[in-house]
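Peer 1: Please find the sequence and the predicted model below.
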Amino acid sequence: MNAAKSPAGLIAAALAYFALARFGMAIFALKPSNLTLLWLPSGIALAMCLQWGWRAVPFIVVASLAANFDGMAAATSPAHLAHTMLAAMTDGLAGVLAMHMFRRMLPGGLARAADLLPFILYVCLIPTAVSSVLLAANLAAGGYLPWSEAGALARVLVLADSLGLLLVYPAYQGWRQRHTAPPLQAHPLLAAIAAVLALLLASRAGMPGMEYFIVPVLLVLSFHTSLLGITAVTALTIVGVMASAAHPAFAAQTTASDTAFRVAALAFSSALTLLGAALQRGQLEHSERTRQQWQDAAEHDALTGLPNRRLFMPKVQLEHQRSLRSGKPYAIAMLDLDHFKAINDCHGHAVGDRVLDAVATVLRDNCRMIDTPARVGGEEFAILLPECSGTQARPFLERLRGKLEELEIAVADQRVSVTVSIGIASFTGVNDTADAVAARADRALYQAKQAGRNCSIVDAVAA
Ligand SMILES: Nc1nc2c(ncn2[C@@H]2O[C@H](COP(=O)(O)OP(=O)(O)OP(=O)(O)O)[C@@H](O)[C@H]2O)c(=O)[nH]1
């Protein structure tokens, strides 16, 4: 069974929900700001619903109930229990609603910076608006809150739950993509965490405003780490900013509601900015990877994986320039399979393809690291041999010809073998051109064919 989908995983996620809910309550209880700004369990609930569907709902409800256990234990009336139960069910509903919105509006996930707006609107704000109104009304109906304050509480809950979704969902997506994403690098993460801590401590120790420099630090980090890394550090930072808002030095600067607003504004704008930057970077990397794949496909032969003529000739030009500067020769060998048409006619095209692939493997396995073997035509191969003349290259090419002659491809109860003719030419000096060297190698190949095939000939003007 897929471990990520197992019941044990579901229980672990419910425990995480419970732990974050308790942790959130501890932060919110901090005086004097009494911040109700960050509710990470809402993001955990969405991740649970996306991972396990409706099966997650009872687990969310139980985890929410357990988080409110203290309040329940103090309950003296069945009505209190009913209100607590209703609140827990609303938490479950919020997760399911966010899941449906997510699947409907963002079937491809949160992949591009342009996905951020639908994510904020449909996944964060709308579901949390529904659940927050229900939660605030439930509290007012139970007598825990005057009806006149229910609207204000609902607004704060929307912000708190949305921030939780904004921070947890990208981390969840980053975790799901951990196998395809580039590995997390510890150094930038540790450096950013250290810088954030230093700025936070400075801001709380008599240098107010220093916390505003945290965002640029995380922005730089977003260019060096994965989605998972940046959202995890952002979440930790925001929790740190909120927790430290209770510090007397900070709290003394403003009134409680002012503090709450400042922290909310900082948290929300930072999270959005960083997520946008991380998505943008991911998008750029994806485009670059796709471009690279297209380029690789355009420059390599699909059957053998060897460079094709399009990549081979520029390499020859480059080597030619090096030879012009250094005066050291290079050689080009043109190899053409002998009577290859007969193999195709006799055994079929598929067997012909296997022969071509086997020949390519022999070339790849026997060339030096600095050589470039390529497939430059149907049954025609070429090798660029830097730093050697035609006559120096010939012994190697003769050995290679012998290896190809020994090659046997098993076809049913038969063995197919092949021979190759080779033409060799090399750089002759400052008046030479790369195209002329290649043309001379072609001419030598033609001579090898004329000479009866299965041999190699070095062009007469070779160095
Ligand atoms: N199986 C297969 N055959 C190919 C491919 N590309 C070209 N060919 C075949 O290669 C054969 C080349 O035939 P010819 O040019 O007559 O050369 P040859 O039979 O090798 O004869 P010589 O070169 O004169 O020794 C043709 O039958 C092509 O169809 C390929 O990708 N796969």
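Peer 2: Perfect, I can see it now. Numbers count the residues shown, from 1 in each chain.
Peer 1: for the residue nearest to Arg178 when sequence neighbours are not counted, helix, strand, or coil?
Peer 2: Among residues not flanking Arg178 along the chain, Leu228 sits closest, at 6.5 Å (C-beta to C-beta, 6 or more residues apart in numbering). No exception for glycine: its C-beta is placed from N, CA and C like everyone else's. Secondary structure assignment for Leu228 (DSSP: H, G, I helix; E, B strand; the rest coil): helix.
Peer 1: count of neighbours near Leu228?
Peer 2: Counted with other C-beta atoms under 10 Å, residues neighbouring Leu228 total 20.
Peer 1: The one 5 residues further on now?
Peer 2: A count of neighbours around Val233, defined by other C-beta under 10 Å, yields 22.
Peer 1: which residue sits closest to it, ignoring its sequence neighbours?
Peer 2: For Val233, the closest residue by C-beta to C-beta, 6+ apart turns out to be Ala192, at 5.9 Å.
Peer 1: just Ile370 next, same as before
Peer 2: Pro386 (5.2 Å).
Peer 1: Check the gap between the one you found and His320 for me.
Peer 2: As judged by C-beta to C-beta, to the nearest Å, Pro386 and His320 stand 10 Å apart.
Peer 1: shared neighbours, the two?
Peer 2: Overlap of the contact sets of Pro386 and His320 (by C-beta atoms under 8 Å, 6 or more residues apart in numbering) consists of Tyr330.
Peer 1: returning to that earlier point: right, and the residue nearest to Val233 touches Leu219 too?
Peer 2: No - the criterion here is C-beta atoms under 8 Å, and Ala192 misses it with Leu219 at 9.9 Å.
Peer 1: Show me what secondary structure element comes after the helix or strand hosting Gln447.
Peer 2: For Gln447, the element it lies in under DSSP states H and E is helix 434-450. With elements assigned by DSSP H and E, the helix or strand that comes after helix 434-450 is strand 456-458.
Peer 1: Which strands or helices does that next one pack on?
Peer 2: Secondary-structure packing of strand 456-458 (3 or more C-beta pairs under 8 Å, 6 or more residues apart in numbering; DSSP states H and E): helix 390-406, strand 420-426, helix 434-450.
Peer 1: Now do the first one: which elements does it pack against?
Peer 2: In this structure, helix 390-406 packs against strand 331-337, helix 349-366, strand 380-385, strand 420-426, strand 456-458, with contacts taken as 3+ C-beta pairs under 8 Å, 6+ apart.
Peer 1: Tell me which residues are up against the third one.
Peer 2: In this case it means strand 380-385. Contacting residues not belonging to strand 380-385 are listed as 306, 309, 312, 315-316, 319, 330-337, 359-360, 363, 367-368, 371-376, 393, 396-397, 438, 441 [C-beta under 8 Å, 6+ apart].
Peer 1: contacting residues for Ala195?
Peer 2: Taking C-beta under 8 Å, 6+ apart as the contact definition, Ala195 lies against Val217.
Peer 1: Buried residues, the one helix or strand it maps to. List them.
Peer 2: Under the criterion of DSSP H and E, Ala195 resides in helix 186-204. Of the residues in helix 186-204, 188-189, 192-193, 195-196, 199-200, 203-204 count as buried by neighbour count, 16 or more other C-beta atoms under 10 Å.
Peer 1: ok, back up a step: quick one: the helices and strands packed on strand 456-458 as JSON lines, columns for distance to Glu299 and mean neighbour count too.
Peer 2: Converted to JSON lines, the helices and strands packed on strand 456-458 look like this (distance: least, C-beta to C-beta, whole Å; neighbours: other C-beta atoms under 10 Å):
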{"stretch": "helix 390-406", "distance to Glu299": "23", "mean neighbour count": "17"}
{"stretch": "strand 420-426", "distance to Glu299": "23", "mean neighbour count": "27"}
{"stretch": "helix 434-450", "distance to Glu299": "17", "mean neighbour count": "20"}
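Peer 1: closest to the ligand out of the ones you listed?
Peer 2: Ranking these by their distance to the ligand (criterion: C-beta to the nearest ligand atom) puts helix 434-450 first, at 5.7 Å.
Peer 1: re the thing from before, tell me the buried residues within the contacts of strand 380-385.
Peer 2: Here, 16+ other C-beta under 10 Å leaves 306, 309, 312, 316, 319, 330-337, 359-360, 363, 367, 371-376, 393, 396-397, 438, 441 buried among these.
Peer 1: Which entries in the residues you listed are shared with the contacts of the ligand?
Peer 2: Counting by C-beta under 6 Å from any ligand atom, 336-337 from the buried ones among the contacts of strand 380-385 sit close to the ligand.
Peer 1: Surely Leu110 and Gly276 touch.
Peer 2: No - applying C-beta under 8 Å as the test, Leu110 and Gly276 come out as separate, 10.7 Å apart.
Peer 1: and these two? which has more neighbours close in?
Peer 2: Remark: of Leu110 and Gly276, Leu110 carries more neighbours, 22 against 17, as counted by other C-beta under 10 Å.
Peer 1: Is that one part of a helix or strand, or is it coil?
Peer 2: Here Leu110 is recorded as coil under three-state DSSP.
Peer 1: and it, what is it in contact with?
Peer 2: Leu110 neighbours (C-beta under 8 Å, 6+ apart): 116, 119, 169-170, 173, 279.
Peer 1: Tell me which entries of the residues you listed lie within strands.
Peer 2: Members of the contacts of Leu110 lying in strands (criterion: DSSP state E): none.
Peer 1: so which pair among those residues is furthest apart in space?
Peer 2: Leu116 and Gln173 (12.8 Å; C-beta to C-beta).
Peer 1: CSV for the helices and strands packed on helix 390-406, including mean pLDDT?
Peer 2: Formatted as CSV, those follow (pLDDT from 0 to 100):
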stretch, mean pLDDT
strand 331-337, 98
helix 349-366, 96
strand 380-385, 98
strand 420-426, 97
strand 456-458, 97
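Peer 1: Please tell me I have it right and Arg309 contacts Ala374.
Peer 2: Yes - between Arg309 and Ala374 there is a contact at 6.9 Å, judged by C-beta under 8 Å.
Peer 1: picking up where we left off before, which other helices and strands contact the helix holding Gln447?
Peer 2: Applying 3+ C-beta pairs under 8 Å, 6+ apart, one finds that helix 434-450 makes contact with helix 309-326, strand 331-337, strand 420-426, strand 456-458.
Peer 1: got those as JSON lines, with distance to Ala14 columns?
Peer 2: As requested, these are exported to JSON lines (distance: least, C-beta to C-beta, whole Å):
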{"stretch": "helix 309-326", "distance to Ala14": "54"}
{"stretch": "strand 331-337", "distance to Ala14": "65"}
{"stretch": "strand 420-426", "distance to Ala14": "67"}
{"stretch": "strand 456-458", "distance to Ala14": "72"}
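Peer 1: Does the helix or strand harbouring Ala243 pack against any helices or strands, and if so which?
Peer 2: Ala243 is part of helix 227-244, with elements assigned from DSSP H and E. Where contact means 3+ C-beta pairs under 8 Å, 6+ apart, helix 227-244 is packed against helix 7-28, helix 147-176, helix 186-204, helix 214-222, helix 256-299.
Peer 1: Cheers, nothing more for now.
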